[in-house]
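Novice: sequence-free structure coming up:
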């Protein structure tokens, strides 16, 4: 099923419909500020297991969470004062920050090193979903088997038909993965260069 949502002014009735699906262990495809992602409520173990099966992900690969604001991040990741200042500077934005996870992170989505990717997408549909759901949403980019990112909601629906519950159509845009920055060793380290500008991190 495809649900078209206005990317500038998300319709509240449509957002509520998506939230109902997420609260019933649903898995959705949704737009962020970088790519379309597969997502679910991280409070739903059944949905988390579904995403792992769909993406064939083991516990060696990071999965990211998307948050509505910085306040919620500290519940799921260990954030120092310096980390917080950096996150405040670059989020919302096209970055994923790697931090040590807290005990609130479900074990099923933890890596062996107990690290977690943190995102606050600059996307109004995302923000509306997060505000109403009240929990972070798991995010894993929608890709073809050859690792090509998908940008067309109808193509996503065709490929994932029968595996996920809903595709949000937030428009077609050029997908670029987020820039990944590790904050694990006290200073930022660029792990992957993506949409977010890395100039300041390289200068440091």
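Specialist: All right, it came through fine. All values derive from a computational prediction rather than experimental measurement.

Novice: any idea which residue is closest to the centre of this protein?
Specialist: residue 139 (3.0 Å; C-alpha atoms, centre = their mean).

Novice: burial measure for the closest residue to it other than its chain neighbours, as a count.
Specialist: Leaving aside its chain neighbours, residue 139 sits nearest to residue 37 (4.2 Å; criterion: C-beta to C-beta, 6 or more residues apart in numbering). Every C-beta, even on glycine, is put in place using the N, C-alpha and C of the backbone. Neighbour count of residue 37, defined by other C-beta atoms under 10 Å: 23.

Novice: can you start the count at 249 instead of 1 from here on
Specialist: Noted, 249 is the first residue going forward, which turns the last one into residue 285.

Novice: host element of residue 285?
Specialist: Counting by DSSP states H and E, the element that carries residue 285 is strand 284-289.

Novice: coming back round to it: for the residue nearest to the centre of the chain, what are its contacts?
Specialist: Applying C-beta atoms under 8 Å, 6 or more residues apart in numbering to residue 387 gives the contacts 280, 285, 286, 287, 311, 312, 313, 314, 367.

Novice: wait, is residue 428 part of a strand?
Specialist: Yes. Applying DSSP: H, G, I helix; E, B strand; the rest coil, one finds residue 428 inside a strand.

Novice: residues near it, how many?
Specialist: 21.

Novice: go on, residue 448?
Specialist: Neighbour number of residue 448 under other C-beta under 10 Å is 11.

Novice: just the buried positions in the one helix or strand it maps to, please.
Specialist: Counting by DSSP H and E, the element that carries residue 448 is helix 447-451. If you call a residue buried by 16 or more other C-beta atoms under 10 Å, then helix 447-451 has these buried ones: residue 449.

Novice: for stretch 438-445, same thing?
Specialist: Of all the residues in stretch 438-445, those buried under the rule 16+ other C-beta under 10 Å are 439, 442, 443, 444.

Novice: in helices only, show me these.
Specialist: Cross-referencing the buried residues of stretch 438-445 against helices under DSSP state H gives no overlap.

Novice: how close does residue 297 get to residue 391?
Specialist: 20 Å (C-beta to C-beta, to the nearest Å).
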